[in-house]
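1. Build the 3D model from these lines:
(2 chains)
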2 protein chains.
Amino acid sequence: MIKVEEAIGIVEANSTKMPIKHISVRKALGYVLAEKVISPIDMPPFRQSAMDGYAFTHSIRHQYDVVGISQAGDHENVKLKSTEAVRIFTGAYVPDDADTVVMQEHVMASKDSILIATMPEKNTNVRPKGEQIRKDEVVFEANTLITPAAVGFLACLGITEVAVYKKPKAAILVTGNELIQPGKKLKKGKIFESNSVMLEAALQTIGIEKTKVYRVKDNLKATKKALKTILKKYDIVLISGGISVGDYDFVKEALLQNNVKELFYKINQKPGKPMFFGSKNETLVFALPGNPASSLTNFYIYVSPAVKNKMGFSEIHKPKIVRKLNSEIKNNTGKTLFLKAKYDETNVTVLEGQSSAMLNTFAVANSLLVVPETIENYKKGQLVTLLPID
Amino acid sequence: MIKVEEAIGIVEANSTKMPIKHISVRKALGYVLAEKVISPIDMPPFRQSAMDGYAFTHSIRHQYDVVGISQAGDHENVKLKSTEAVRIFTGAYVPDDADTVVMQEHVMASKDSILIATMPEKNTNVRPKGEQIRKDEVVFEANTLITPAAVGFLACLGITEVAVYKKPKAAILVTGNELIQPGKKLKKGKIFESNSVMLEAALQTIGIEKTKVYRVKDNLKATKKALKTILKKYDIVLISGGISVGDYDFVKEALLQNNVKELFYKINQKPGKPMFFGSKNETLVFALPGNPASSLTNFYIYVSPAVKNKMGFSEIHKPKIVRKLNSEIKNNTGKTLFLKAKYDETNVTVLEGQSSAMLNTFAVANSLLVVPETIENYKKGQLVTLLPID
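-> Model (predicted):
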């Protein structure tokens, strides 16, 4: 039995990065850059007007003849005398002879000339070439997560493809003779199997869209055979159930016989104690507890950071949140507790129904409140640490 | 020109809920329930053992004969005398004659009998039938967002289908003669078109997976014709560019000629002032500024809450975050400012490059710092309000 922090460290140390692939920027949202990106152009590529107005050479003069027009998309480099201006629009090319743009609201315009009522300072409303980024400068460093703004920035530089870490392929192996598929008739002594759809959904929230689900009966031979296939094809293997100390739990044996290296088994925490973590080559195996709420807790604490590490994230844990506790908490277990909790702008409330089988509480929780194994009680009003979930 | 809070209120008031559809629980992640869900069963459906151990009738007695076995999935209701126990596993049916389960770690077991070393209290380790939920009780109220835990809970009750609000269908109309598609050669005076991929990605982050992109030249006829088609087929229409006061902006005219009702035009904010919001039947039209950073700002402030409202979310705005400001902010504009900012556990830093054309700053921001129009300055160290983005 190991401590929570140790277990987290072992998971992180063993989740090696996925191979690199090239992907269209249009499909890159949620991926992480595997290489730094260099700008192929100056942005903006030319001096741009930041306003609708008139471009001219700044002087003490207020009246100018309007001798041309520059619309966005044009590139007519109108020659200007010091007494002349061009009508110009936002984003349009500023003629080389002009250094300043006056907003149209600040001029009195007749057919062929303008009188500037409020004179801007020199260089006003002209975006310099390369103001955002210059050619050959770094756009993004490696390990940057691709957000909507990043997609936009890459596209505005004309970049259509980037190198990212592949997303891991995931499989779920469900064990348990007591399980019946939802939609079928519930027989006596049986329960509906819910962990596979729950874990599939949880994987989706961190960007793993497709997960293959395998099901086996509670016996060594079937479990071993299924694992043999799965270990060859997937990067992340989640096993649901069959890992506690009962006589009918074959999973650990089946893993060891498939040469999965045990990295830890059992963690000093509640819920979620009976968990096996191992690896074979680059494939990670998480044998999660069969109890739904324990399973989901360990997904958030161990599986999610491992997947993010494989995907190249620089921040694999969500930033912790600190809130004032609404009630007292006792911890006489000597274990780290992960309590389903709901926080608002200032406080956090521990929810009822913390049993490891109870998913209904989890469905309304927005965080897990962490009570370290060394803490015997938290007083009402104390500041406590939360891991956000959503 | 209207105030930001008014504009937010008008968007919310006009974004009516989408029609209802029935969807498989397996595919329901991220949807919002349109009707409350009632439990079809007791959960657990029978008295379950919470441990691997032995089930017996609690008494002063410590020694019991082991007369049977109850594995998970079995339903053999072993008859027990007061001197008898059954071997039992986690999740298994507790025989009707037994009221207590002792953990296997707390007994000394021989072949046919056990001696209980640490006697548990009566009813220990037996999960009552219906402990989580009883048949006909409410599982979730309408307007509950379907999370991984909710998917799991619905499945464990045997529920395979739920009624949810449909997701809106979205289209993006891109205008602008100055725009060239990334991947093509950049000509003089032109820039790469990046708003469509950026807005597509932003829509993906709130659950709208597919968006149709239309492009037109900057003229009234083409814009009007494209809008006629789009308005018939989509629930959310985003228009990129062509909405400022320049002579070459036809979008507003094309909207009005298509009988789109103007709900507001121009907001007292920076960046993002030139925005049109209107509706035709249930379809919402957001004509966003052409500047990428302005466009994305207004996506987060106006479009995202509207989409969430249509999808039935009970909370359409992300919870605000309060942090201590790292620097001074001056606001002599009389407008509400939305500044790209990065917060950590205690502080917030306003990022450089707040120009409305600058996307690079947005790509590293995790929030927008809101400076209300009535505030002329924030001092260093002051607590300020942030809207998180991600």
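2. can we go C-alpha only for contacts and neighbour counts from here?
-> Will do.
3. Does the helix-or-strand element of chain A with minimal mean pLDDT reach chain B?
-> In chain A, no helix or strand scores lower on mean pLDDT, DSSP states H and E than helix A:360-364, which sits at a mean of 89. Yes. Judged by CA under 8 Å from any CA of the partner chain, helix A:360-364 comes into contact with chain B at A:360, A:362-363.
4. residue boundaries of the strands in the stretch 201-350 of chain A?
-> Assigned by DSSP state E, counting those that start in this stretch, the stretch 201-350 of chain A shows strands spanning A:211-216, A:236-240, A:261-265, A:269-270, A:276-280, A:283-288, A:321-325, A:329-330, A:336-343, A:347-350.
5. can I get those in TSV with mean pLDDT, mean neighbour count and distance to B:Ser110?
-> Output for the strands of the stretch 201-350 of chain A, formatted as TSV (pLDDT from 0 to 100; neighbours: other CA atoms under 10 Å in any protein chain shown; distance: least, CA to CA, whole Å):
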stretch	mean pLDDT	mean neighbour count	distance to B:Ser110
strand A:211-216	96	17	32
strand A:236-240	97	26	31
strand A:261-265	97	16	27
strand A:269-270	96	21	30
strand A:276-280	98	21	29
strand A:283-288	97	25	31
strand A:321-325	93	19	48
strand A:329-330	96	14	37
strand A:336-343	96	23	34
strand A:347-350	96	20	43
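6. Which of the ones you listed sits closest to chain B?
-> Closest approach to chain B among the strands of the stretch 201-350 of chain A (CA to the nearest CA): strand A:321-325, 7.5 Å.
7. Now do that closest one against strand A:336-343, angle only.
-> Here strand A:321-325 points in a direction 80 degrees away from that of strand A:336-343 (axes from the mean of the first three to the mean of the last three CA atoms, to 10 degrees).
8. Just name whatever secondary elements strand A:321-325 is in contact with.
-> Here strand A:321-325 touches strand A:347-350, strand A:383-388, going by 3 or more CA pairs under 8 Å, 6 or more residues apart in numbering or on different chains; DSSP states H and E.
9. care to break chain A down by domain?
-> Listed domain ranges for chain A are A:4-18+A:167-310, A:20-43+A:133-165, A:48-127, A:321-388 (source: automatic domain parsing).
10. Quick check: end-to-end length of the first one?
-> Start to finish, the residues bounding domain A:4-18+A:167-310 are 20 Å apart (CA to CA, to the nearest Å).
11. Backbone dihedrals for the closest residue in space to A:Ile38 that isn't next to it in sequence, both of them.
-> Distances taken as CA to CA, 6 or more residues apart in numbering or on different chains put A:Val138 closest to A:Ile38, at 4.6 Å, once the chain neighbours are dropped. Backbone torsions for A:Val138, taken as degrees, to the nearest 10, come to phi -80, psi 120.
12. any idea how far A:Val138 lies from A:Ile41?
-> 11 Å.
13. Of these two, give the one with the bigger neighbour count.
-> A:Ile41 (18 against 13; other CA atoms under 10 Å in any protein chain shown).
14. which residues does the closest residue to chain B within the stretch 1-150 of chain A contact?
-> Distance from chain B to each residue of the stretch 1-150 of chain A (CA to the nearest CA) is smallest for A:Gly73, at 3.4 Å. Neighbouring residues of A:Gly73 by CA atoms under 8 Å, 6 or more residues apart in numbering or on different chains: A:91-93, B:176-179, B:189-191.
15. What of A:Ala7?
-> By CA under 8 Å, 6+ apart, the contact set of A:Ala7 is A:264, A:267.
16. That one belongs to a helix, doesn't it?
-> Yes. A:Ala7 forms part of a helix when assessed by DSSP: H, G, I helix; E, B strand; the rest coil.
17. can you pull the pLDDT of it?
-> Looking at A:Ala7, its pLDDT stands at 98.
18. How about the one 4 residues further on?
-> pLDDT, A:Val11: 98.
19. What is the subsequent helix or strand relative to the host helix or strand of it?
-> In the assignment (DSSP states H and E), A:Val11 maps to helix A:4-14. Next helix or strand after helix A:4-14 toward the C-terminus (DSSP H and E): strand A:20-24.
20. How about residues contacting that next one?
-> A:34, A:160-166.
21. ok, now stretch A:207-216?
-> Under CA under 8 Å, 6+ apart, the answer for stretch A:207-216 is A:30, A:167-176, A:196, A:200, A:203-204, A:222-223, A:226.
22. run the last query once more with 10 Å
-> Residues outside stretch A:207-216 that contact it (CA atoms under 10 Å, 6 or more residues apart in numbering or on different chains): A:29-31, A:167-177, A:179, A:196-197, A:199-204, A:222-227, A:230, A:234, A:236-240, A:307-308, A:311.
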